[in-house]
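Need coordinates for the below:
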Amino acid sequence: TFTAQSLDHEARLVLETTDPKAERAAVELRGYGLIPSLFVSPSPYDMGRVEPFCLREGDITLMNVGRDTLIIESLAPVGDSFEFDLDGLALPLSLEPDEYVSVPVGFMPEAIEAYEGEFWVDSNAQDEVVLLSGEGVEDAGGVLEYLQPISGKVDIMFYVDQSCSMDDDKVAMTAKFDDFISELEDLDADYLIMAANGDNGCHAIDYITAETDNKLDVFSQAVNSPGGEYTEAGLTIAKHAMLKTDTGQCNSEFLREGSTVSLVLISDEPEQSPPVNHPLTIAAQILSTAPSTYISAVAGPLPDGCTSGGQSADAGLGYYEVSLMTGGIFLSICDLDWGEKLALLAEKATTVKLADTFYLPEEDTQADTVRVFVDGVELFEGWTYLDVDEDPDDPLVADLPPQVSFAADSVPGEGSLIHIEYGTAVVCD
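Residues are numbered from 1 along each chain as shown. Reported below is the predicted structural model:
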């Protein structure tokens, strides 16, 4: 019997017999839940720095990423200075699969201080609480500072799809992990490795460094750590992992100063983050946290996927595009042995990536306020400011934040300190 508890279920039925020619046989089982599922974005929502009694406006998107009707039963904002326009939403509100609604939200601080709030969403699927934040400041805008990486220092994260169809690949990859470490050491890399498969993006088991005694055992346990609802949404897990690298958070030792970051995403399925988040938008959010990041993938080749040794993989749509965007590599999960794949991934990870594009956190940055400094010297040429939001009203189109990009011959070198100042435009009464 099969009872759906979530959207997708996979299992393996192993049959043991007395037949000497077929002592064991495995049957792959799949089931799909005809249930609704609520996805809320952005969550959490930082509305940035705003002058007192000025208004910054935005939206929170509620989307049904399930397979049955989602009913939004109640919406409840909590907190001062956050304003929600709920007049156009008749509750209860029904959303069919892939249907979404945007809830207008505004932030108007009344003093020079930090503000926090919440937005509660109750539904017939699950309930969600969006944490809201914002800050009242005298001079709206912000500063971005970044230290370019140095050669040989690398932080590497593995995500591995935990679907049953990936079991053979996990075994084959783990068997060659010692070769991956040997390649890093031959390249004289100062490395830190972690694996994250869970929805929250927190690293599993332990970090792996040159001082780790039982590297293979730690890696094997980590890449086999349980997945969750996003087990086939590697970009969402990677984004969650990168957003939890501040002091006191679960990945606080990751993103070491001066490191090039390499995210290795492995799956035999296309990338399946909720459609309200376009893959390139998620990649931009990751690059906002760590500009010197490669996103590499081992997945099914485009356009048709692949078949090898009785195993098959669908085309790795989503993974392919972000590997191109970030300068990573895309390898077929069916081609080569895992020793060769891991060697190529190690070589890419140890190639220093000098960041040339910096995404600014404020969507309403004023172009004429942007100033760029490198090692304390202001630059008046060699960089451009772009506002590249393609279609903010369509979640299926990449929604990229504003960016400062350096020309190819002006990219700051290893160890350079990049300092970007910018002002923002808000509506004042």
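
Run through the bridge partners of the nearest residue in space to D168 that is not next to it in sequence.
Leaving aside its chain neighbours, D168 sits nearest to Q311 (6.1 Å; criterion: CB to CB, 6 or more residues apart in numbering). The C-beta positions use only the backbone N, C-alpha and C, and glycine is treated the same way. Following DSSP bridges, Q311 is listed with bridge partners S308.

And for Q311, the neighbour number?
Around Q311 there are 15 other residues, counting by other CB atoms under 10 Å.

What residues of the helix or strand where H419 lies count as buried?
Using DSSP states H and E, H419 maps to strand 417-422. Residues 418-420, 422 are the ones in strand 417-422 that count as buried (16 or more other CB atoms under 10 Å).

And for stretch 157-167?
Here stretch 157-167 shows 157-163, 165-166 as buried, counting by 16+ other CB under 10 Å.

quick one: which of those is nearest to F177?
Using CB to CB, F158 is the member of the buried residues of stretch 157-167 that sits closest to F177, with 9.7 Å.

ok, now which ones touch the closest residue to the closest one other than its chain neighbours?
Leaving aside its chain neighbours, F158 sits nearest to A195 (4.4 Å; criterion: CB to CB, 6+ apart). Residues near A195 by CB atoms under 8 Å, 6 or more residues apart in numbering: 157-160, 203-205, 219, 222-223, 225.

avg pLDDT for stretch 64-81?
Mean pLDDT, stretch 64-81: 91.

Which single one of the contacts of A195 is nearest to I266?
For the contacts of A195, the nearest to I266 is V160 (4.8 Å; CB to CB).

A222 versus the closest one, what's the distance?
9 Å (CB to CB, to the nearest Å).

S102 too?
On the measure of CB to CB, S102 and A222 end up 38 Å apart.

So between these two, which is more surrounded?
A222 (22 against 15).

I208 versus the more buried one, what's the distance?
Where I208 is concerned, A222 sits at a distance of 8 Å (CB to CB).

Make a markdown table out of the contacts of A195 and add distance to D213, secondary structure and pLDDT.
Formatted as a markdown table, these follow (distance: CB to CB, whole Å; DSSP: H, G, I helix; E, B strand; the rest coil; pLDDT from 0 to 100):
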| residue | distance to D213 | secondary structure | pLDDT |
| --- | --- | --- | --- |
| M157 | 21 | strand | 98 |
| F158 | 19 | strand | 98 |
| Y159 | 25 | strand | 97 |
| V160 | 23 | strand | 97 |
| H203 | 18 | coil | 97 |
| A204 | 18 | coil | 95 |
| I205 | 13 | coil | 92 |
| F219 | 13 | helix | 96 |
| A222 | 15 | helix | 95 |
| V223 | 18 | helix | 94 |
| S225 | 20 | coil | 93 |
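
Among those, which one sits closest to M63?
Closest to M63, out of all of the contacts of A195 and judged by CB to CB, is Y159, at 22.8 Å.

contacting residues for the closest one?
By CB under 8 Å, 6+ apart, the neighbours of Y159 are 195-197, 234, 237-238, 241, 263-266.

now, which of those residues lie within helices?
The helices, defined by DSSP state H, take in 234, 237-238, 241 from those.

if we can go back for a sec, quick one: pLDDT of the residue nearest to F158?
pLDDT recorded at A195 is 97.

what's the distance between it and I329?
19 Å.

before we move on, the earlier item: quick one: common contacting residues for A222 and I208?
M194.

what's the burial count for the closest residue to Y207 other than its chain neighbours?
Nearest residue to Y207, sequence neighbours excluded (CB to CB, 6+ apart): M194, at 5.3 Å. Neighbour count for M194, taken as other CB under 10 Å: 22.

bridging residues for M194?
M157.

contacting residues around it?
Here M194 is in contact with 156-158, 203-204, 207-208, 222, 241, 251, 254 (CB under 8 Å, 6+ apart).

from these, which is closest to A90?
In terms of CB to CB, no member of those lies closer to A90 than A241, at 38.4 Å.

how far away is that closest one from F158?
For A241, the distance to F158 - CB to CB - is 10 Å.

so what sits against both of those two?
In contact with both A241 and F158: 194, 196, using CB under 8 Å, 6+ apart.

Next up, the contacts around the residue minimising distance to the centre of the chain.
Taking CA atoms, centre = their mean, the centroid of the chain lies closest to K239, which sits 2.1 Å from it. Listed by CB under 8 Å, 6+ apart, the contact partners of K239 are 201, 282, 285-286.

switch to 6 Å and redo it
Applying CB atoms under 6 Å, 6 or more residues apart in numbering to K239 gives the contacts 282, 285-286.

the helices in the stretch 151-300 of the chain, which residues?
Using DSSP state H, counting those that start in this stretch, the helices of the stretch 151-300 of the chain run over 167-175, 177-186, 215-223, 234-242, 279-289.

Now the longest one - C-alpha only, PDB.
Yep, that's helix 279-289 we're talking about. What follows is helix 279-289 as a C-alpha-only set of coordinates in PDB (Å, rounded to 0.1, in the frame of the first residue of the first chain):
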ATOM      1  CA  PRO A 279      17.900  28.900 -11.300                       C
ATOM      2  CA  LEU A 280      19.800  32.000 -12.300                       C
ATOM      3  CA  THR A 281      18.100  34.000  -9.600                       C
ATOM      4  CA  ILE A 282      19.200  31.500  -7.000                       C
ATOM      5  CA  ALA A 283      22.700  31.500  -8.400                       C
ATOM      6  CA  ALA A 284      22.800  35.300  -8.100                       C
ATOM      7  CA  GLN A 285      21.700  35.000  -4.500                       C
ATOM      8  CA  ILE A 286      24.600  32.600  -3.900                       C
ATOM      9  CA  LEU A 287      27.000  34.900  -5.600                       C
ATOM     10  CA  SER A 288      25.700  37.800  -3.500                       C
ATOM     11  CA  THR A 289      27.000  35.900  -0.500                       C
END
